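> The sequence isn't on hand, but the structure is:
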């Protein structure tokens, strides 16, 4: 597993407590799992995606991800309606390991309240939290 | 250490049966026909099923070779935590193989199968006695089936009282099947965290128990191999708000003849005959998960029940509040006979001793290995102990690597990455049937592996090196499963 200073935590996205990331572009938020989460989970083998049109509140469980080690629930970092899902993950869940911030995105959300982004951590805060937990 | 158990030998490859044989080859000869031939009805003719054409020796060698690839409790120590892989005594097979048992059809009238009915009747009494409960059903086909039966019994109890309750409390140290059984029965599982000692605190239960909660499912001893010391007080909290207590008794091997579950507030529990009562499992035969209840849940037990009337045994459906049938017939009867054989062979004193030795063996391993591997909870354990790979992180060696390497030393690996509350968990359950010499050899093997992790980590990364099948690509198997031959 990676050391904390080996983690890739880009500064153009926000991070939730459970290591989902959120990227706001216009009126759309893209969501995935961050480098720490994919590294801790190990090889991801199955992703159960929600349906387009489903709506969730902030921090509500929206999907489960299965790796060789464990099954874990993922919580939506900002509430809203699912407007797209990354169906590539059904055939190639490894994209979440190989490209967590790009090809491994999970869903796109039309946020109910875009200001919820402000409640999420920056990459610096996320890193500090990880160091504190170590 | 003494010479390693694990060695290499000649193992033969073997294709699928369909890839063997030759058209027209056969394993038997039919006698010469001595009656007139008679055409079959058209619906009985046509292409037969796709069976391979094989001689007897083809078939015998096929299965003998496959059996030589295998590892089981008859081969060596199998410390698979949470599974109680104790040795299955051969007398169990002898008893279950008696013609009176094997020849009995489940639809025989009671008058023609008094022996089987009496055996079932007595086994229910024994299981109730061992657990300190009042009655039992042998119908559930496995542990999780027993859990579902237990949830249905709890539901039956509340329905009769007119209670509409929707939740069941399930601690994080419960078996993973517990919340699934809760949900399958239509309840909502409410998770509760165990405390820093690895057990449940009364306060945590007090905080979540309410009038909408039907009960709690406690695995005791829990999945960390620890006894839930606060069970009695937790039961008081649950009962005080009108709920019931379910005990997952899969770990009963630690406390037979020591703890009367019925006396510490348990209302309903299941047992795994294929764990605690020595019947074969893990490919060796179906499971069996009898459920034991206290008096107030007895009216809800599944039907038909075996009852005694003037020294005769009959099947009765006359229980109007019963949750109904859980099986087409009466449970895994072949397995039930083996458990009966085990209990009768052991007797009460030896069942208790089995549990005491199971706990002693686990504590011996825990003490001898605690400086070697990281011990998750440093306190006396029950029948199993949980370590982790924390000390090996700097060597970049994981639990999986050590488990795989253990095969090269001739041992079945322990349970890994479970329970989930311990990162990189390695869970060992030696059971009472391993001798001290066997345990010592196992401990030495693990010590050697921990040294290899420092000196020659590649040995572990590539392990197993001596097995017929080397390290499997578990990721590929999960991502691109090949589900047909």
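Ah, there it is. Please read these numbers as outputs of a predicted model, since none were measured by experiment.

> interface residues of chain A facing chain B?
A:1, A:43, A:45, A:46, A:66, A:68, A:69, A:70, A:93, A:94 (CB under 8 Å from any CB of the partner chain). Just so you know, the C-beta spots here come from the backbone N, C-alpha and C atoms, and that holds for glycine as well.

> which residues does the first one contact?
Spelled out, it's residue A:1. A:39, A:40, B:393 (CB atoms under 8 Å, 6 or more residues apart in numbering or on different chains).

> Quick one, grab the pLDDT at the second one.
For residue A:40, the pLDDT comes out at 89.

> same check, this time on the last one
Model confidence at residue B:393, expressed as pLDDT, equals 90.

> who's in contact with it?
Contacts of residue B:393 (CB under 8 Å, 6+ apart): residue A:1.

> go on, the first one?
Taking CB under 8 Å, 6+ apart as the contact definition, residue A:39 lies against A:1, A:2, A:7.

> Tell me the one among those nearest to chain B.
Of all those, residue A:1 has the smallest distance to chain B: 7.7 Å, by CB to the nearest CB.

> of all the contacts of residue A:39, which comes closest to residue B:260?
residue A:1 (45.3 Å; CB to CB).

> What helices and strands are in contact with the longest helix along chain A?
Taking DSSP state H as the criterion, chain A has its longest helix at helix A:123-133. Judged by 3 or more CB pairs under 8 Å, 6 or more residues apart in numbering or on different chains; DSSP states H and E, helix A:123-133 is in contact with strand A:14-15.

> circling back to that earlier point, in helices, which of the contacts of residue A:1 appear?
Per DSSP H, the contacts of residue A:1 map to helices at A:39, A:40.

> from the contacts of residue A:1, which single one is nearest residue B:266?
Nearest member of those to residue B:266, counting by CB to CB, is residue A:40, at 36.8 Å.

> Can you classify residue A:117 as helix, strand or coil?
Under DSSP: H, G, I helix; E, B strand; the rest coil, residue A:117 falls in the helix class.

> thinking it is in contact with residue A:78, fair?
Yes. Taking contacts as CB atoms under 8 Å, residue A:117 lies within contact range of residue A:78: 6.0 Å.

> Of the two, which one has the most company?
More crowded of residue A:117 and residue A:78, by other CB atoms under 10 Å in any protein chain shown: residue A:78, with 27 against 16.

> who's in contact with the residue lying closest to the more buried one once chain neighbours are set aside?
Nearest residue to residue A:78, sequence neighbours excluded (CB to CB, 6 or more residues apart in numbering or on different chains): residue A:116, at 4.3 Å. For residue A:116, the contact set (CB under 8 Å, 6+ apart) comprises A:58, A:77, A:78, A:79.

> ok, residue A:116 to residue A:28 distance?
14 Å (CB to CB, to the nearest Å).

> Which stretches in chain B count as strands?
B:135-137, B:167-171, B:188-192, B:213-219, B:244-249, B:268-271, B:291-293, B:305-309, B:312-316, B:374-375, B:385-388, B:415-416, B:425-428 (DSSP state E).

> And for chain A?
Using DSSP E, strands in chain A cover A:14-15, A:20-25, A:28-33, A:44-48, A:55-56, A:61-67, A:71-75, A:80-85, A:107-111.
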